[in-house]
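K.L.:
pasting the structure only:
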């Protein structure tokens with residue numbers, strides 16, 4: 001009886017071990033510049049490892065006959081780090097491939113990392129240019145997701161107590177008709193394109209010019225000389241404008257336009 005129980009326990013242990021998926025047993029740790037990828041709790045050795053950047057053009061690291069793989073994450077041409085690493089490893093029976101993403105704080109394996117809110121990853125920065133100190137200039141940021149999405153289109157507007165303006169130029173977006181004495185409502189619409197889907201993100205802030213630091217700041221952070229209450233009297237006249245403020249006679253296809261102070265895109 002004891003021998004029978006022993007045989008059953010050994011058999012059960014072997015079956016449990018066989019259920020371990022080598023590809024699911026990987027862990028990743030380290031900084032954005034240098035990371036370590038490791039497979040755990042398996043009774044076999046990975047024969048060969050290879051890691052490349054997200055574009056697949058450059059091999060970042062190779063290892064053989066080890067369950068631990070170290071990667072020095074630097075593009076040899078640009079000397080910049082990648083936000084996305086592609087890694088493959090194999091045994092004599094199995095080949096595993098993983099995509100690792102740097103989220104700004106740590107590495108995570110695609111498919112197991114916490115869901116990333118694309119809109120929460122977007123922000124903007126106020127640009128200070130010594131040649132145009134008083135001009136409001138901003139640039140859009142996509143913190144931690146720039147290599148995870150196909151593209152991003154930004155649409156900024158800045159409103160004072162009189163009217164709203166669209167920027168001149170992009171990245172940075174410049175508002176030469178906004179003055180330091182204005183209280184400004186700055187808004188952006190961002191269109192994030194990822195894998196055939198589009199996510200639309202909206203955000204607004206109130207800005208003032210801080211004469212002590214010679215830059216635009218959030219209203220609750222500055223030392224403004226005066227605050228103007230923002231009062232708008234919109235008139236829905238149906239007139240259409242392009243993003244440069246030029247009046248349109250008909251809605252363009254595939255290009256953003258403005259009607260009654262709202263942005264639209266005609267698809268067909």
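P.N.:
Arrived safely. What you see is a predicted model; the values in this text were computed from it and never measured.
K.L.:
now stretch 97-110: buried residues?
P.N.:
98, 100, 101, 102, 103, 107, 108, 109 (16 or more other C-beta atoms under 10 Å). Every C-beta, even on glycine, is put in place using the N, C-alpha and C of the backbone.
K.L.:
break the protein into its domains for me.
P.N.:
23-109, 119-233 (automatic domain parsing).
K.L.:
how far off centre is the longest one?
P.N.:
Distance of domain 119-233 from its chain centroid, counting by C-alpha atoms, centre = their mean, to the nearest Å, is 18 Å.
K.L.:
model confidence over it, on average?
P.N.:
Averaged across domain 119-233, pLDDT comes to 84.
K.L.:
repeat for stretch 23-35
P.N.:
For stretch 23-35, the mean confidence score works out to 89.
K.L.:
other residues contacting it?
P.N.:
Identification of contacts with stretch 23-35 by C-beta atoms under 8 Å, 6 or more residues apart in numbering yields 36-42, 70-74, 81, 83, 85, 94, 96, 98, 100, 102, 106-109.
K.L.:
mark which of these are part of strands, please.
P.N.:
36-39, 70-72, 85, 96, 98, 100, 102, 107-109 (DSSP state E).
K.L.:
out of those residues, the closest to residue 121 would be?
P.N.:
residue 102 (12.3 Å; C-beta to C-beta).
K.L.:
mind listing what the closest one touches?
P.N.:
32, 81, 82, 83, 84, 85, 144.
K.L.:
I'd assumed residue 75 was in contact with the third one.
P.N.:
Read it as residue 82. Yes. Using C-beta atoms under 8 Å, residue 82 is in contact with residue 75, at 6.5 Å.
K.L.:
what do these two both touch?
P.N.:
Joint contacts of residue 82 and residue 75 (C-beta under 8 Å, 6+ apart) are residue 53.
K.L.:
of these two, which one has the most company?
P.N.:
Shown here are residue 82 and residue 75; by other C-beta atoms under 10 Å, residue 82 has more neighbours (23 against 15).
K.L.:
what's the closest of the ones in strands among the contacts of stretch 23-35 to residue 185?
P.N.:
Out of the ones in strands among the contacts of stretch 23-35, the member with the shortest distance to residue 185 (by C-beta to C-beta) is residue 102, at 33.9 Å.
K.L.:
specify the beta-bridge partners of the closest one.
P.N.:
residue 107 (DSSP bridges).
K.L.:
before we move on, the earlier item: dump the buried residues of stretch 97-110 into TSV; add pLDDT and distance to residue 259 as well.
P.N.:
Shown next, in TSV, are these (pLDDT from 0 to 100; distance: C-beta to C-beta, whole Å):
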residue	pLDDT	distance to residue 259
98	87	47
100	89	44
101	89	39
102	89	41
103	84	38
107	90	45
108	86	42
109	84	45
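K.L.:
quick one, what contacts residue 90?
P.N.:
46, 47, 48, 96.
K.L.:
from these, which land in helices?
P.N.:
Counting by DSSP state H, no part of these is found in helices.
K.L.:
and the residues you listed, which of them are buried?
P.N.:
Of the contacts of residue 90, these count as buried by 16+ other C-beta under 10 Å: 46, 96.
K.L.:
out of the contacts of residue 90, which comes closest to residue 213?
P.N.:
residue 96 (52.2 Å).
K.L.:
ranking by neighbours, what's the top pick from the contacts of residue 102?
P.N.:
residue 85 (25 neighbours).
K.L.:
correct me, but that one touches residue 56?
P.N.:
No. Taking contacts as C-beta under 8 Å, residue 85 lies outside contact range of residue 56: 10.8 Å.
K.L.:
for residue 133, what are its contacts?
P.N.:
Counted by C-beta under 8 Å, 6+ apart, residue 133 has contacts 214, 215.
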